[in-house]
Every structure is written in structure tokens, then in C-alpha cells.
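> any chance you can model this:
(chains A, B, C and D)
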Protein chains: 4
Amino acid sequence: MLSFESDYTTGAHPRILQRLTETNMEALPGYGNDIYCESACEKIKKACGCSEAEVFFLVGGTQTNAVIISSILQKYEGVIAARTGHVSLHEAGAIENTGHKVLELPQTDGKLEASSIKHFIEEFYQDENHEHMVFPGMVYLSHPTEYGTLYTKKELTDIAEVCREYQIPLFMDGARLGYGLMSRNTDLSFQDIASLCDVFYIGGTKVGALCGEAVVFTKNNKPRHFVNLVKRQGALMAKGRLLGIQFDTLFTDNLYFDISRHAIDMAEQLKDIFREKGYPFYLESPTNQQFILIENERMERLREKVRFGFWERADENHTVVRFATSWSTTPEDLEQLRSIL
Amino acid sequence: MLSFESDYTTGAHPRILQRLTETNMEALPGYGNDIYCESACEKIKKACGCSEAEVFFLVGGTQTNAVIISSILQKYEGVIAARTGHVSLHEAGAIENTGHKVLELPQTDGKLEASSIKHFIEEFYQDENHEHMVFPGMVYLSHPTEYGTLYTKKELTDIAEVCREYQIPLFMDGARLGYGLMSRNTDLSFQDIASLCDVFYIGGTKVGALCGEAVVFTKNNKPRHFVNLVKRQGALMAKGRLLGIQFDTLFTDNLYFDISRHAIDMAEQLKDIFREKGYPFYLESPTNQQFILIENERMERLREKVRFGFWERADENHTVVRFATSWSTTPEDLEQLRSIL
Amino acid sequence: MLSFESDYTTGAHPRILQRLTETNMEALPGYGNDIYCESACEKIKKACGCSEAEVFFLVGGTQTNAVIISSILQKYEGVIAARTGHVSLHEAGAIENTGHKVLELPQTDGKLEASSIKHFIEEFYQDENHEHMVFPGMVYLSHPTEYGTLYTKKELTDIAEVCREYQIPLFMDGARLGYGLMSRNTDLSFQDIASLCDVFYIGGTKVGALCGEAVVFTKNNKPRHFVNLVKRQGALMAKGRLLGIQFDTLFTDNLYFDISRHAIDMAEQLKDIFREKGYPFYLESPTNQQFILIENERMERLREKVRFGFWERADENHTVVRFATSWSTTPEDLEQLRSIL
Amino acid sequence: MLSFESDYTTGAHPRILQRLTETNMEALPGYGNDIYCESACEKIKKACGCSEAEVFFLVGGTQTNAVIISSILQKYEGVIAARTGHVSLHEAGAIENTGHKVLELPQTDGKLEASSIKHFIEEFYQDENHEHMVFPGMVYLSHPTEYGTLYTKKELTDIAEVCREYQIPLFMDGARLGYGLMSRNTDLSFQDIASLCDVFYIGGTKVGALCGEAVVFTKNNKPRHFVNLVKRQGALMAKGRLLGIQFDTLFTDNLYFDISRHAIDMAEQLKDIFREKGYPFYLESPTNQQFILIENERMERLREKVRFGFWERADENHTVVRFATSWSTTPEDLEQLRSIL
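Just a heads-up that it's a prediction; the model follows:
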């Protein structure tokens, strides 16, 4: 069945499978100490213009969030995040499972605002009882957000400045980073992100890999004995080559960016189709996830022919649904959708 | 200096010290297995009209919250609480330290509403991805709340019904329970609380004891191997007699209720004084904590002569401050305050 | 360079890569809800003769141990393991990170004995203070063990009986299960294991897969909301297909068993070579890992031409080293080793 | 009934109750910020000859161990302890509950040896896989030990040197410190302990207080935001005065040492009685706990007239039992015991 359900329904970009096959019989050291991890690391450092970056490969997004947050925070600290953030809502309490509180702030279209972060931290320090409260120890944001929205360069710079002022690291969840970087409506470059964030990750799972997220520490700030902390969380992959080869391929000949741009092109065409057919948008997303407001009856009929994501009930009669494109969406898929609609 | 800073500035009710002294040389078993713990337990069961209750004594409030919540919740569950709840804000992340998320809901004057709890749980189960979310596993509320407010019998009954409907326990933090029960504006009896809540505790620390909170499981629902779970949290007192003797004294001859009523009488006189002197109240509290709105300059002058609590900034020029009475507040204290004001 | 360093130095069995490629463009649901996971599950149930088994796929061994142990244990319980067990020594404290103690017992050649488990549990219950101690809540063993040794049917049956007697589950870490099942010196069948253990896992990472461990709950005992517990540990793979397709392939046409038998054949030839060359064995292993006692100088020279694992210092002048074969070891590799030795 | 069951069966030294009563109505700040905590702190610093010490008061032993160990260790570290150590065996997994492993070493009469600690750490760093293992991050020992034995100055100095060499802190559990310091067979002074240990605590619960342990950080090494870490563990006492006043009293006019010496005098007389009556000792303890080997039948008869502690079964017919003296043991108690025996 036609599927716009998510950006992780198909396998890997064919070039990745090809490279896995070509390198399959090489005997390589485990745990990320192989030449492909090393090569991928170098390519990523170059791509984001951060020569002193330290790169580490993990398997999935929730795992990466839990590992990074718990390895950076002090025991008396929590992580600031939007109330709709992935770590706040959709990770089954993985952060709390590491003993740390998610300090949830209000958001707009999935985004945190520098001013509200600053206000929160100031209130914290003004509170006479703040020694009895969880210290704000880092800022988590996702780019694109859970709503497909993007931070502008100004917005991210402002947040980074608040972080610098209070000396807490800024962490960007880039599970869909490629789609953010290749959006037609962004002034944030890969280099900007590496420069403004203290740590971020480059999503593979949702951008053409079978699995894998590339964590980038940008300020000589990789936590001490990080491999141990990864292992302790059960997140160290024995055959690290699986991650290294995938990211090495994605960062060869611009593949990561090309396939992300393709997904954006498909998303823009998808938006045109929905506009053309008179469907209202729940919000304006400049990336690969589109949120449509749809009558419940119409939704049920549509569901028989195409798969898409349920987002939330809008009112008695309407629902917000999500259509996602990806590196593997084809113009044929879109044509088929158009004729169904 | 005259102090209305909190309800835990003085020691214990003299009768407690007297009993500690009288029983001091008796050789008693440790860990709560002594006759005084047993006697206190029986008196509490009788007082709350719950013959099948199981009572356990712990040292302090945050400890009690962490022990109860972590020993009742399943690993996939979190606890629903008001965003202003003590477990949400002022326990240094003690709940998250046990691996569980506090699911924070909006509140009114410190209180949760049955409808918002019900709405939250319904939304949770309607979410297609709820297996990726923290399950609502219990409801925490405090009575009196952090703002000194009280639930009505109707409000608590409604919340209890939501809990029964979704089969999650209702837990009441009664750190100041005595002041709630003896308020002039409450229709909730001790028996109602034992009947509506699955577990609650009777605060000693803030109501005349040196330390101690009496946990009451009302529905044959004391967690298995509870002593072990208490020990594991570092909360098991070797000389359990210290807790048993205090609660045995508090629940002899109505002492707990008498000293709580005294504090309420003092609070009502305190309110009269502030009203008389033209100070506005931040909110109407029917218990021993009073929240006054005061000009910053005036506050600074007042501070030189009397101790009170800072609550929060109201605006540029005004602050919300807290005056608390307790079992040990005297009419002379109030006279002195009146003349200072 | 020639490598006998471990059984996870090469990629995946070629048939796995072929199936990943063939199925690559199919749009499949995530998180293990795809047809390949389902199919693999059915094949595994059939292969181990346990029709009521519940199968779940995870990524790596440490992760699997932490997820299973923490999702089965009650908060007051710990897991019994050999002092040399993987969970005791080589997982960076991943079990303790979930809040549970590893109750370490003495071992012989990496194996636990039923009598020492029984003795330990009896002593525990006889201790008057056992409410202050960690309850023995499950037994963990690995088969093959970290030393490549195997439990006999009698030994495993005896351990299972102790577990039944005290009503605690028996958990087998089968990271190298294939090599155990295909050993020439074993009377334990796959069916025996499914029948004797309450939960076990079938290692993929070390037996021909890129990654993946198949957890099998055999007694209708999958923990409630297991997906949530997996997610909470950061262990839920978005593209579950990667695991499903691999195990589906491994359990098609006996592949898992055939490649395991091949590794055993290679190991037996390896043993012959070492015997022939006069190297003493540190212990007799009937599986794919061989532990050789070697003079330090000789070891250093050998290291220049072949990779192998350091195990432990034996004395001033000797070291125990490990040579591992795998599904990908070739007769040519062995010939090359023979000529080097 | 006559009781030698433990050193925490009676209440507090009468002078403590007297001081609690005298100071009862003073309005004091909470959480350890009162003048009695301050005064006690100064007296302790003076008594142990460590002017830069930082002192903090907690309620009980297990709590103190968990707070100190978890607030000092990095996430990748565990604590070295004797296999018979209190943190290893009798704290219901309180240390593991904070996410840290207890690295258990063999012991002799309850004591660790410097050489075995050194050997363990060396082996750890020599292991090629030590990044996959729990790092040794501190040494825990108790003095007196669980067996009532004592470290000599030489032994403790040797252990401290190993700690310095590997830059890990040395932590002494002094739950019964008074009895150790006043033993007739010790060359370790209070000053030695403050100088050799990085952190230790002075037990109150078992040495004349109702509750309380005084933690002493000796090297300007109190963990950052320690109050927050204490609160997070649920260990912060609201009425800190209860702890401050008790320790202030214990460290006034040598009370702590005098009552400890009394307990030792009583223990020596106890030993004489047992020797006189022909009971063999399980081991030689120079402190207030005595371990006697007794025939089971005789034990049962004795039990009818005097309370003592069960320690462990020695063989089919004999049991090791514990008799403890304390500050409150009287010559009359001993006379009574003599006539019973």
C-alpha cells in the first residue's frame, strides 16, 4: 500500500547496502575502532567545518538522547526541553530512567524560545530554595522539531547565547537533520550548527540508513570514558562497522545532502497537492513532515488506500494527520496520492 | 527574633520530649518493630477509621514521597502531579532519581482537578504511540497543598473516582495534614481521606514532631517487601522508636488534632491582623500558611524585625511572602507582629 | 592480517545481505511490527519447539541482558551470576545502572553449579536480616560461557530445578548459542533449552548477523508493556526490519545451525593445530573459543602476524590468549595459521 | 528482658535529651543551617584536628553510605568494598540503587588489605577491555568492621597510599567509630583517621544518639551542591537541629569518647565472663561487639533469658552469636548475664 506514514518505512539507500556488501568479508576491530568509523568521522568533521570535533556512532535516537544527556549532566542537573520535545513525551521516560528530570518549558510550533529559557534559569537562581530544585544543566532542542519546524539562525544564536551566559551546553537532536539543512526555508548551515551547539547528532535512521546516529561533540567536550558510559547504557555496538560504513557512505559525494534535498522536493510537491485539493495545513512545515487537518470521515476513507500518521485530535470532527516524505519517496508515489485524493 | 518563617522552626511538642525521656532506657528492637510503633499504628488506624490499614513510619517528606512512589509504580509508569506540586518542583529530582517521571498537570491554587486528570489519561490511551510514553501510574496530591489550599470532599471524591476508573492508586501527601483537618473551611474528615485515598501520610515534622511521617496504606496494598524497599532507599531508621514514640504521643488524647487546631486559630488571628493593617492576600488559604502581597520596600523593613518566607516575585515592586503559624505559635507572637506592622 | 581475534570481526553471512537488499524498498511498519519479524518469530518458535514462546528482537548483548534483567526483577531483587559472568565483569555496570545488584557466585570454568545456587538461596532465607539484603530474583548464566564451556543437560536441569523450587526465573545468555548447540560435546538440544529456561536469547551478532539478539520468553512470561520497557532503555530499533530480516534468514533452511557447525569444525581443526604444535590449552573448550597458554615472548612474535585476544596473565612469563573461529573462518585461514606457528 | 542484642536498643544518652529539651522552643532555621549544627561542626573539626574539614549531618548509616558514595563517584565508577562489607551485604542494594556497582574483594576478619586493593586496581588497568568494566572509583571500609575488628595505623596508611597512588578517595564508614577509637587495642587516633581518609563519618545512632551520622570531608572535597544531592536522595532533614544538637552534645566535654570507653570497658568484662565460663570466641574483637561460638541447644536455652544477635551458622550443631555492649550497658547487666550463664 502507498505509504507516507513515516521516514523510516523503507530500508537503506542502495549505495549503503552496496558498501556493506563490498566490505563484508574484511576482518575489522569492533566497537567503533575500525577504519570506516574513522573515515566517516573525518568526513563529518570536514562537512560541518569543525576540525576539532569528536564523533561517535550510536544506533537510535532515544538511545542517543539518553546517552548524551546522562553522560553530560551532573547528578544535580536536569535538561531543559520543550513540553512537546521527544525526550519529554515520546521516549517512555528514558531520560528519567537515567535519574535526570526533563525540565519542560512551553513551546511554539515545537520550538523553544531563548527568552523563555533565560526567564526559567533566572527564576531558578532567584528562588531562595533553589538548592532544593533540579539545576538547569543543559538545553535540548530538536531541529527539525517534532512538528517539522526549524530554528532560524537568529533564534538558535540567541539560545546559544543564553547557554553560554549560564555555562550550560546546548544539545541538538538532529534525528532529521538532513531535512532541516536542505529545507528551502532555512538560513542555518551545517557549519552554523556545529559552531552554535556543544553537541548534536546527525540522524541516519530517518535519513537513508538502516540505523545509526552520528554524535558530534564540537568543543573538545566529549565526556570522560565515554565508551564506558555508552556500554553502561547498553548502547555500544559490537560490529561498529555497521554504523561506520553507513555514515561513511552517506558523507561520500554529498549523498546525505542529496537524498535529504530529494525528500524536501517531494515534500514541496506534496504540499502543492494538498493545497490544490483544498486541505488546510495544521501548521506550516518547511521540512519533510506535513501536518494536515482532515475531516474524520474523509480520513477513514483515505486510510483504506494510503498509510499516514495519526497526530492528534483537532476537534470532534477533525484530526491532524502527518504525511512524511523521505529519501525514498518517488514522483510516482505523489502521482498516486494525487489521484487518490 | 520573631519568626513566622515556617512550621518547622521549633522543636517538638513538650509531651513528645517527655515521653522520649520516660522511655529512654527501655531496650527495644530496632527498625520499627517496637511496641511504640505498634501502639502508634493502632491509634492511627482507629483515628482514621480504617481497621485494615497498614502503617509505616518514615523520617521526612521528600523521602516518604520517593519511597512510596517508587515502591508502588511499575517501571513503565510515572506519577501525575500538579506542576506546582512538591514532587514536581522542590525535591531536587528525588522522584526522577528513582527512575520515574513526574507527569505534570496544570493546577489551580495548587490543586489538581479530576477533569484534567481524566482528560490527560484519556488522551494518553487514545495516542497511537502510547507504548512509547510514560504510563500514568498513580495520582499524587498534597492536602493542604503547597499554597495552603484544601480539596473539598466533592473534589477529592471526583479524583478518587477517576483513579478507580483507570485503576491507579491515589496518594495524598499529608505533610501538613493536621492543619488541613482542623481548618474551619473543610468538609473532608480523616475518615474520608482514609476511605478515598489508597495511601497517604500524616505529617509529623511540620505538626509538632522532631521528625517523622506516618504512611498509611488503606487497601491492603502495602508493597511486597516494603521494609526492603525502604532500606534500599536509605530510609529505614535503626531506632524506629524515635518515630513510634512521637506518633504514639501525637495520637494519644487527641494531641495531633488539638495542636493543629491551635495553629489554625493562630492563623485566623494572623489573617485578621493583616486584613486590619490593609495587606492584600495573594490567595485565600484556610490553613496555617498565609500568602501576603507586599511592597518590596515595606518587605525589607519588615524583615529587620520578623522572619517570614519569600514565596515569589509578584511584579517589579511587589513580592508574595509566606507567614506560617504552627502548634508552637503563641498569642504573644501575634501581638508582637501586630505592633510591628 | 590474519584474524582469530573474535567472532564478530567480519560482517554478515552473505545470504543476510542478499535478503536485506531484496526487501530494501518495501515500506514496512517500524518497531518490530513488520512481517519479517513475525516470520522470524514463527521460525524460531518452531526451531526450539516452543509454540507458546514470545520472541522479541534487540540489538546487542549487554543491552539485552540489561533489558531482560531489569524488566523481570522486582525492585528488591538482584540477579545471581557467576563471578566471571559477562553481566558481572564486562558490561560496565549496565545491570547496576538499572538499580539491581549482581549477586556473584563462585564458578568453575565459567559455570555456576546448582548446589552453590541452592546453598546461596538457602543461606539468604536463613539469615534473620534477609529483609535488609538483596533478594535473589533470577539466575543468569551464559551458554557457552565466557570460557567457551557448556552446561550438560543434567547440570542445566539441576539449576532449573533449583529455580523452580524457589520460583525464580532462569535466564540464559545465548550470545554464542549456535556454537553451543553445534558443539560435538553437548547433550543439550535447542528444545531442552527452551524447556528448561524461562527466558533466553539467541545470539546473532556473534553468529553471522550484523547485529541482533532474539529474546525468547518461553513460559507466557513476557513482562507487561515490554515494548515500553525496551524503549525506556533506549533499545527499541525504529527499523525493526533490520533485525527481523536477519533472523528470518538465519532461521531459514537451517542457516543458523549450519554456519555454527562450520565454526565448530574450524575450531576443532584449530585445536588440532595447537596440539600438534605443542601449545598447552588453558582449559578444554568444546566451542568456538579456544584458550591457549603461551610464553610471553612467543606471544609477541605471533602478534606480528596474526590477531588474537588477550585473556589474562597466567604468570610472570605466560599469558592466556583466546583464538576464536566463526561462521566466516576458512580452511585457508587455518592453513595460514599452521604455517605461522 | 536482659538485652545484648545490639548497640541501638536504648534511646539517647540522657544529656542529649536534656539539651533537646532545653533548646526546644528556640526558633531555628531548617536543613542544617542552625547554630547547633554549626557549633557541632566546629567541635568535630577540632576533635579530629582537621581545621579545613567540612561536616554534614545525616540520619542513618545506609543513607549516609548511599549519599556519600553516589555523590563522589563518577558514573563510570564503582566502589571497592570487602565482600562482607555493610554496603555489599546488608543495605538491600542501596548502592546499586544509585546506579553504582560494589566491587567486592576478599577480606580477612572483615578487613580489606592494601595489597589486594592494589592488585585489583592493577589487574583492572592491565585488562585490555577495561573500558568495558566498572572503574574502581573509591575504597569503602568500615572501622570497626562488621566483625568488630580494627585496622592498625600501618594497615590504614598502606590502604591510603594505594588510594593516593591511583587517585581515588578513601571512605571510612564509622558507624561505630567511637568504639574503635576507645578500644584498648588500637594505635589509630581520631587525627590519624581524619588525615588518612578523604571522607569518613562519625556514627551517632550506635553511639548514644537517637539517630545521626556526622559526615566529615577532610580534603576540601565536599561534592558540589552537596545539599541538593542529599535532598535528591531524600536524606535532608527539615529540623536539622535534631542532628546538630545531638552531635553538639556528644562533642561537648568528651562525651562521645567517654561513653564509647564505657562500652569498651563493659565489652572487656563481657569477654572475661565468656572466657571464665568456657565459651570459645569466633574471632578476637577489640571493640564492643563479641562473637561467641555456642552449641545450638545451649543457645536456645540462653535465648529464653537474654537477647543477643544471631550471626551465622558455624556447623550443624553450633552457631555464631553476637553480644554487643553500648554506652548504656551497666555492670548490673553483666552481673545478670554472668549468673544466667
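> run the contact check for the host helix or strand of residue A:120 versus chain B.
Using DSSP states H and E, residue A:120 sits within helix A:114-126. Yes - using Cβ under 8 Å from any Cβ of the partner chain, helix A:114-126 comes into contact with chain B via residue A:126. C-betas here are computed from N, CA, C, even on glycine.
> also stretch A:65-73?
No - on the criterion Cβ under 8 Å from any Cβ, stretch A:65-73 is out of touch with chain B, staying 10.3 Å away.
> where does the residue of the stretch 201-341 of chain A found nearest chain B sit: helix, strand or coil?
Chain B sits closest to residue A:310 of the stretch 201-341 of chain A, with a gap of 5.0 Å, by Cβ to the nearest Cβ. At residue A:310 the chain is in strand, as set by DSSP: H, G, I helix; E, B strand; the rest coil.
> go on, residue A:316?
Per three-state DSSP, residue A:316 ends up coil.
> chain A: strands as residue ranges?
A:2-3, A:54-58, A:77-82, A:102-105, A:135-142, A:170-173, A:199-203, A:213-217, A:281-283, A:289-295, A:306-307, A:309-313, A:318-324 (DSSP state E).
> and the residue of the stretch 201-341 of chain A closest to chain B, bridged to which residues?
residue A:321 (DSSP bridges).
> cool, and residue A:202?
With DSSP bridges as the rule, residue A:202 is bridged to residue A:214.
> what sits against it?
If a contact means Cβ atoms under 8 Å, 6 or more residues apart in numbering or on different chains, then residue A:202 has A:44, A:174, A:177-178, A:213-214, A:216, A:247, A:256 as its contacts.
> so residue A:208 touches residue A:13, yeah?
Yes - the pair residue A:208 and residue A:13 qualifies as a contact (Cβ atoms under 8 Å) at a distance of 4.1 Å.
> who's more crowded, those two?
More crowded of residue A:208 and residue A:13, by other Cβ atoms under 10 Å in any protein chain shown: residue A:208, with 31 against 23.
> hmm, back to that, quick check: mean pLDDT of the helix holding residue A:120?
For helix A:114-126, the mean per-residue pLDDT is 96.
> before we move on, what about stretch A:300-320?
92.
> buried ones in that stretch?
The neighbour-count check on stretch A:300-320 (16 or more other Cβ atoms under 10 Å in any protein chain shown) flags A:302, A:306-311, A:314, A:318-320 as buried.
> can you pull the contacts of the residue lying closest to residue A:8 once chain neighbours are set aside?
Excluding the flanking residues, the one nearest residue A:8 by Cβ to Cβ, 6 or more residues apart in numbering or on different chains is residue C:238, at 4.8 Å. Counting by Cβ under 8 Å, 6+ apart, residue C:238 makes contact with A:8, A:60-61, A:205-206, A:211, C:30-31.
> among those residues, name the ones in helices.
Judged by DSSP state H, the subset of the contacts of residue C:238 located in helices is residue A:61.
> how about residue A:206, nearest residue that isn't a chain neighbour?
In space, and not counting its chain neighbours, residue A:206 is closest to residue A:7: 4.5 Å by Cβ to Cβ, 6+ apart.
> again with residue A:277
Closest to residue A:277 by Cβ to Cβ, 6+ apart is residue A:341, at 4.7 Å.
> any idea how far residue A:53 is from that neighbour?
44 Å (Cβ to Cβ, to the nearest Å).
> which of the two has more neighbours?
residue A:53 (22 against 15).
> and that one, how far from residue A:202?
Taken as Cβ to Cβ, the span from residue A:53 to residue A:202 is 11 Å.
> so for the two, which residues contact both of them?
Common neighbours of residue A:53 and residue A:202 (Cβ under 8 Å, 6+ apart) are A:44, A:216.
> residue contacts, whatever residue of the stretch 51-200 of chain A ends up closest to chain D?
Using Cβ to the nearest Cβ, residue A:76 is the residue of the stretch 51-200 of chain A that sits closest to chain D, at 4.3 Å. Neighbouring residues of residue A:76 by Cβ under 8 Å, 6+ apart: A:134-135, A:137, B:92-93, D:224-225, D:228-229, D:232.
> for residue A:240, same thing?
A:30-34, A:37, A:57.
> cool, and residue A:221?
Going by Cβ under 8 Å, 6+ apart, the list of residues near residue A:221 reads A:72, A:169, A:198-199.
> so which of those residues sit within helices?
residue A:72.
> any idea which of the contacts of residue A:221 is the one closest to chain B?
residue A:72 (15.6 Å).
> which ones are touching the residue sitting furthest away from the middle of chain A?
Farthest-out residue of chain A from its mean C-alpha position, per Cα atoms, centre = their mean: residue A:128, at 36.7 Å. Contact partners of residue A:128, counting by Cβ under 8 Å, 6+ apart, are residue B:310.
> circling back to that earlier point, thought the residue nearest to residue A:206 was touching residue A:203?
No - counting by Cβ under 8 Å, residue A:203 is not a contact partner of residue A:7; they are 9.2 Å apart.
> so for these two, which residues contact both of them?
residue A:176.
> give me the contact list for stretch A:25-35.
With Cβ under 8 Å, 6+ apart, stretch A:25-35 has contacts from A:36, A:56-57, A:227, A:236-241, A:243-244, C:1, C:3, C:5-6, C:8-11, C:307, C:328.
> buried subset of these?
Using 16+ other Cβ under 10 Å, the buried ones in those are A:36, A:56-57, A:227, A:236-241, A:243-244, C:3, C:5-6, C:8-11, C:307, C:328.
> name the helices or strands packed onto the helix or strand bottoming out on mean pLDDT in chain A?
One helix or strand of chain A scores below all others by mean pLDDT, DSSP states H and E: strand A:309-313, with a mean of 88. Here strand A:309-313 touches strand A:318-324, going by 3 or more Cβ pairs under 8 Å, 6 or more residues apart in numbering or on different chains; DSSP states H and E.
> helices or strands next to the strand it packs on in the packing?
With 3+ Cβ pairs under 8 Å, 6+ apart as the test, strand A:318-324 has strand A:289-295, helix A:296-303, strand A:309-313 packed against it.
> alpha carbons only: can I get the shortest one in CSV?
The one in question is strand A:309-313. Presented in CSV, the C-alpha positions along strand A:309-313 are these (Å, rounded to 0.1, in the frame of the first residue of the first chain):
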residue,chain,number,x,y,z
GLY,A,309,0.4,9.0,10.7
PHE,A,310,-2.2,10.0,13.2
TRP,A,311,-1.0,13.1,15.1
GLU,A,312,-3.8,14.3,17.4
ARG,A,313,-7.5,15.0,17.5
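> that strand vs helix B:114-126, what angle?
170 degrees (axes from the mean of the first three to the mean of the last three Cα atoms, to 10 degrees).
> and for residue A:126, the neighbour number?
Residue A:126: 11 neighbours (other Cβ under 10 Å).
> and the closest residue to it other than its chain neighbours, how far is that from residue B:319?
Nearest residue to residue A:126, sequence neighbours excluded (Cβ to Cβ, 6+ apart): residue B:313, at 7.2 Å. Applying Cβ to Cβ, the value for residue B:313 to residue B:319 is 6 Å.
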